[in-house]
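1. have a look at this prediction, sequence included:
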Amino acid sequence: MSVEYQGLAVRASKGDVEAFRRLVQDHSALVYRVALRILGIEDAQDASQEVWVRVWRNIGRFRGESAFTTWLYRITVNTCLSAQRKRSRRDERERGEEMPYLPEPSGGDADPEAAALSAERRAEIEAALLHVRPDHRAALVLRHMEGLSYSEIAEVLEVPDGTAKGWVSRGRAAMLVAMSNGAAPSLDRNLEESGG
Amino acid sequence: MSVLMEEERWEVLEKIGAYAAGELEGEEAREAEQLIFERPDYRRLAESYARMLVMLTTLGNEPVEAPEVVVNYAVRRAYVSAFARNAEVFLGSLGRTYLDALVYYFGLRPRSYGGGI
């Protein structure tokens, strides 16, 4: 499959719009999903469109040294981080003396996977993600939502492996802090109920 | 809270997070286990991390479709751009042809000397 996409990318770089259309159709979900996780729903669509404009403009520079998806992830993350820079920055390190906790699942909510699928949980995660510093958020999304290895993350973000690992680690901690501090109103309510 | 305490707190946060994600091995893993074993608050922290990571993975596995407008916009832009590129090449070559014709018509082409072809 990867070889097929390399071939399509080569054809697209020569101006073949049909080849480009195939690339867009097969990867639009990937681009939109990452943009959604990094930027939230408000900006995901604009960012996705910008990604594809950049892909078309720069596809001649795709050398095929890495997989097409790695190159696409890089453009997507860079585009999202550029969009994010236009927004105000937030401090990811919330200060406090106690360790952050998530409230225990209530009632018969014993299966965390089922809990994660509820609309409320989804909103909590998405809201908390937006409280994490953008580059750490990108690393966190690539690791725990896209399932990339640290070496792949390092390649996408163009940083050393150790930096990628550090960003994921800090992003993970910041995310937990944001969730326990009630990044979303519903989580606030849960914390109050559990006396947190 | 002092800066040092804050740094230490953050260090523990990250260490237990890495443990919960299954990324620690050997001595580092044992250290994290020791922390979790000794302190109930760290145990709760590890459990919270585990829950959060399951939620992240589950959300990450949910299928997401890009809005159709994104695909349409990208392809439309590419067509327009490709057309403009081709038009530029065509007009460029047309212009050069006209220029060559004018040069020929007014006899502006420099003559070659020395028996050259």
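-> Noted; the coordinates are in hand. Numbers count the residues shown, from 1 in each chain, chains lettered A, B, ... in the order given.

2. OK, contacts around the spatially most central residue of chain A?
-> Central residue of chain A (C-alpha atoms, centre = their mean): residue A:141, 3.7 Å from the mean position. Contacts for residue A:141 (C-beta atoms under 8 Å, 6 or more residues apart in numbering or on different chains) come out as A:34, A:37-38, A:129, B:60. All C-beta spots, glycine's among them, are computed from the backbone N, C-alpha and C.

3. next, count neighbours for the residue in chain A that chain B sits nearest to.
-> Ranked by C-beta to the nearest C-beta, the top residue of chain A for proximity to chain B is residue A:145, at 3.0 Å. Under the neighbour criterion other C-beta atoms under 10 Å in any protein chain shown, residue A:145 is assigned a count of 22.

4. quick one, what contacts it?
-> Listed by C-beta under 8 Å, 6+ apart, the contact set of residue A:145 reads A:33, A:37, B:56-57, B:59-60.

5. and which of these is nearest residue A:124?
-> Ranked by distance to residue A:124 (C-beta to C-beta), those are led by residue B:59 at 10.2 Å.

6. quick one: the nearest residue to the closest one once chain neighbours are set aside from residue A:49, how far?
-> Once flanking residues are discounted, residue B:59 sits nearest to residue A:125: 5.6 Å by C-beta to C-beta, 6 or more residues apart in numbering or on different chains. Applying C-beta to C-beta, to the nearest Å, the value for residue A:125 to residue A:49 is 25 Å.

7. got it, and residue A:148?
-> Relative to residue A:49, and taking C-beta to C-beta, residue A:148 is found at 24 Å.

8. please apply the same query to residue B:97.
-> According to C-beta to C-beta, residue B:97 stands 38 Å off from residue A:49.

9. neighbour count for these two, which is higher?
-> A side-by-side neighbour count of residue B:97 and residue A:49, using other C-beta under 10 Å, places residue A:49 first with 23 against 10.

10. quick check: pLDDT value at the more buried one.
-> Looking at residue A:49, its pLDDT stands at 94.

11. that one contacts residue B:74, doesn't it?
-> Yes: contact between residue A:49 and residue B:74 holds when scored by C-beta atoms under 8 Å: they sit 6.5 Å apart.

12. mind checking if stretch B:66-76 is in reach of chain A?
-> Yes: counting by C-beta under 8 Å from any C-beta of the partner chain, chain A has neighbours in stretch B:66-76: B:66-67, B:69-71, B:73-75.

13. who wins for neighbours among the residues you listed?
-> Going by other C-beta under 10 Å, residue B:74 tops those with 26 neighbours.

14. quick check: closest non-adjacent residue to that residue.
-> residue A:52 (3.4 Å).

15. could you do residue A:135 as well?
-> Excluding its sequence neighbours, the residue lying closest to residue A:135 (C-beta to C-beta, 6+ apart) is residue A:167, at 6.0 Å.

16. coming back round to it: check contacts around the residue nearest to residue B:59.
-> Contacts of residue A:125 by C-beta under 8 Å, 6+ apart are A:116, A:179, B:55-56, B:59.

17. now it, what's its secondary structure?
-> At residue A:125 the chain is in helix, as set by DSSP: H, G, I helix; E, B strand; the rest coil.

18. any idea how far it lies from residue A:175?
-> Counting by C-beta to C-beta - residue A:125 and residue A:175 are separated by 8 Å.

19. where do the contact lists of the two overlap?
-> What both residue A:125 and residue A:175 touch, as defined by C-beta under 8 Å, 6+ apart, is the set residue B:56.

20. enumerate every residue touching the closest residue to residue B:79 other than its chain neighbours.
-> Excluding its sequence neighbours, the residue lying closest to residue B:79 (C-beta to C-beta, 6+ apart) is residue A:17, at 5.3 Å. Neighbour list for residue A:17: B:75, B:78-79, B:82 [criterion: C-beta under 8 Å, 6+ apart].

21. domains in chain B, by residue range?
-> What the record gives for chain B is the domain set B:3-61, B:66-117, from automatic domain parsing.

22. for residue A:43, which of these is the nearest?
-> Closest to residue A:43 of these, according to C-beta to C-beta: domain B:66-117, at 12.5 Å.

23. now the closest one: average pLDDT?
-> What domain B:66-117 shows for mean pLDDT is 77.

24. repeat that for stretch A:70-84.
-> 94.

25. against residue B:90, how distant is the residue of chain B found nearest chain A?
-> Per C-beta to the nearest C-beta, residue B:60 is where chain B lies closest to chain A, at 3.0 Å. Per C-beta to C-beta, residue B:60 is found 47 Å from residue B:90.
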